[in-house]
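Q: predicted model follows, preceded by the sequence.
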Amino acid sequence: MFRHILLPTDGSPASTRAARQAIALARSLRARLTVFHAIPAYRVPGFVDGFVVYPEVYSPAEYRRQTEADATRMLGKIAARAAAAKVRCATRAVQAGEAWKAIIAAARSQRCDLIMMASHGRKGVEALILGSETSKVLTHSKIPVLVCR
C-alpha cells in the first residue's frame, strides 16, 4: 500500500483533524509521514491614500524569522503526536508563492506515494475568491491525494 505520506498543514482546525487521521493511517500501514508547511511569500506592504493596507508591517527579515518560527511550532506539534503514536515523521517548511505547487513539488522531491490533506469546505463565492489549494493539488498532482473533511 502506501509507504510515505505527505501531510500539508496550515495549522487550521481542519488541518489538525487531517493530521490525526494521517498519523492513524501511517501507523496502520507502517508508513512514514512528512509534515509540510508552505510559508506564504513575503508581500511588500501597500499604501493607499496614505494608509497602510497591511497594518502589520514587517521587514523581509522579520517576516522570515516570524513565519519560520510559527512553522517550526506548528510542525513540531504534529511531529510530537506522530512520535507518541510511534510513526516515523519528518518535517519540512518552505517559502512558496503558491502553496499547491509547493505541496506537489515536496511530494515529488520527498518521494511520497500519497498526499493526505484537509479540505476547508469552502463553497460558492468564498471558494471562487479564496481558491482552494486542495482543489488545485487534486487537479494537478499525479500522486494520489486523500482529502480529509
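A: Looks like it came in fine.

Q: after the helix or strand where A79 lies comes which helix or strand?
A: Using DSSP states H and E, A79 falls within helix 60-84. Once the chain leaves helix 60-84, the next helix or strand it forms, by DSSP H and E, is strand 89-96.

Q: state the distance from R27 to I5.
A: 11 Å (CB to CB, to the nearest Å). All C-beta spots, glycine's among them, are computed from the backbone N, C-alpha and C.

Q: same deal with A26?
A: 5 Å.

Q: where do the contact lists of those two overlap?
A: Common contact partners of A26 and I5 (CB atoms under 8 Å, 6 or more residues apart in numbering): 32-33.

Q: can you find the helix or strand in this protein with the smallest mean pLDDT?
A: helix 124-130 (a mean of 51; mean pLDDT, DSSP states H and E).

Q: and after that one, which helix or strand comes next?
A: Next along from helix 124-130, by DSSP H and E: helix 133-140.

Q: and that next one, what's its mean pLDDT?
A: Mean pLDDT, helix 133-140: 92.

Q: that one: which residues count as buried?
A: 133-134, 136-137 (16 or more other CB atoms under 10 Å).

Q: got any ranges where this structure has weak pLDDT?
A: Across the chain, the ranges flagged by pLDDT under 70 are 44-58, 121-131.

Q: returning to what we had before: what angle separates the helix holding A79 from strand 89-96?
A: Between helix 60-84 and strand 89-96, the angle comes out at 160 degrees (axes from the mean of the first three to the mean of the last three CA atoms, to 10 degrees).

Q: what about the closest residue in space to A82 that isn't next to it in sequence, neighbour count?
A: Distances taken as CB to CB, 6 or more residues apart in numbering put C89 closest to A82, at 3.6 Å, once the chain neighbours are dropped. Around C89 sit 22 other residues, with neighbours defined as other CB atoms under 10 Å.
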